[in-house]
Structures are given as structure tokens and as C-alpha cells.
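# need the 3D shape of this:
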Amino acid sequence: MAKRRQYSGQEKARIVIQAIEGHKTVNQIASEHKIHPSLVTRWKAEALERLPVVLSDAHEPSRASQERREARQLQQIGHLTMEVEFLKKKLGLCRLEIAEP
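Reported below is the predicted structural model:
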């Protein structure tokens, strides 16, 4: 059974740019690169869909990335709070043992 070919991002980008330029048909591009025309169409649609995100202000983090970062921070706060409480309890036990000779 033949193994599926993996295409690098650069290869996909070159193919998509050819499709967007419109100098050749999707079928011509697909036959040149020995891939199915639907693959060219799908890559082109994905690229055009993501283009606004790529061209947006780089300093403006997306809402999803902000939410992920906040979730990680909250998880870390919870973990550190549990550690502090654990250490407080252990420290309290150690003080009792030291205080009672």
C-alpha cells in the first residue's frame, strides 16, 4: 500500500499562491504537482480563511490565546495555593512537635 505524501508548509504555500494568482486552472496546478484538484481547492480555502488572522496586528493577541493563557494561570494559582496550604499544615505540625519536649 502506498504511503501518503506529506507536504511542507512551503510547498503548500507555493501551490496556494499559484491558485490564488489565477494564471492557471486548479486542474492544471494539480496535475503539475501530481495531487488531486480538491486538495488544491481545500488548501486555497483554508489559506483565504486564515488570511485575516495572519494579517492582523501582531501585538493584538487573539481572544482564544488570551483565554488559554488565563486558564493556565488560574490552574497554576490553584496548584500553588494547594502547595501553600499543605506546607502551612506541615509547618504547624512541626511546631507542635518542637514545642512539646
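# give me the number of residues near the spatially closest residue to Thr41 that is not a sequence neighbour?
Nearest residue to Thr41, sequence neighbours excluded (Cβ to Cβ, 6 or more residues apart in numbering): Val26, at 5.9 Å. Backbone N, C-alpha and C define where each C-beta goes, glycine included. Val26 sits with 17 neighbouring residues when counted by other Cβ atoms under 10 Å.
# so what does the helix or strand Leu87 falls within touch, helix or strand wise?
Per DSSP states H and E: Leu87 is located in helix 63-99. For helix 63-99, there is no helix or strand it packs on, judged by 3 or more Cβ pairs under 8 Å, 6 or more residues apart in numbering; DSSP states H and E.
# for that helix, list every residue counted as buried.
Within helix 63-99, no residue counts as buried by 16 or more other Cβ atoms under 10 Å.
# now do stretch 8-25
Lys12, Ile15, Val16, Gln18, Ala19.
# of all the residues you listed, which comes closest to Lys34?
The closest of the buried residues of stretch 8-25 to Lys34 turns out to be Ile15 (Cβ to Cβ; 11.1 Å).
# who's in contact with that closest one?
Tyr7, Ile29, His33, Ile35, Val40, Trp43 (Cβ atoms under 8 Å, 6 or more residues apart in numbering).
# just the buried ones from those residues, in ChimeraX syntax?
Per 16+ other Cβ under 10 Å, the buried members of the contacts of Ile15 correspond to this ChimeraX selection:
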select :29,35,40,43
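# how about the CA coordinates for stretch 69-85, as PDB?
Only the C-alpha atoms of stretch 69-85 are listed here, as PDB (Å, rounded to 0.1, in the frame of the first residue of the first chain):
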ATOM      1  CA  ARG A  69      -3.200  31.800  29.000                       C
ATOM      2  CA  GLU A  70      -5.700  32.800  31.700                       C
ATOM      3  CA  ALA A  71      -6.800  29.200  32.200                       C
ATOM      4  CA  ARG A  72      -3.200  28.100  32.600                       C
ATOM      5  CA  GLN A  73      -2.600  31.000  35.100                       C
ATOM      6  CA  LEU A  74      -5.600  30.000  37.100                       C
ATOM      7  CA  GLN A  75      -4.600  26.400  37.200                       C
ATOM      8  CA  GLN A  76      -1.100  27.400  38.400                       C
ATOM      9  CA  ILE A  77      -2.600  29.700  41.100                       C
ATOM     10  CA  GLY A  78      -4.800  26.800  42.300                       C
ATOM     11  CA  HIS A  79      -1.800  24.500  42.300                       C
ATOM     12  CA  LEU A  80       0.400  27.000  44.200                       C
ATOM     13  CA  THR A  81      -2.400  27.700  46.700                       C
ATOM     14  CA  MET A  82      -2.700  23.900  47.400                       C
ATOM     15  CA  GLU A  83       1.000  23.700  48.000                       C
ATOM     16  CA  VAL A  84       1.000  26.700  50.400                       C
ATOM     17  CA  GLU A  85      -1.900  25.200  52.400                       C
END
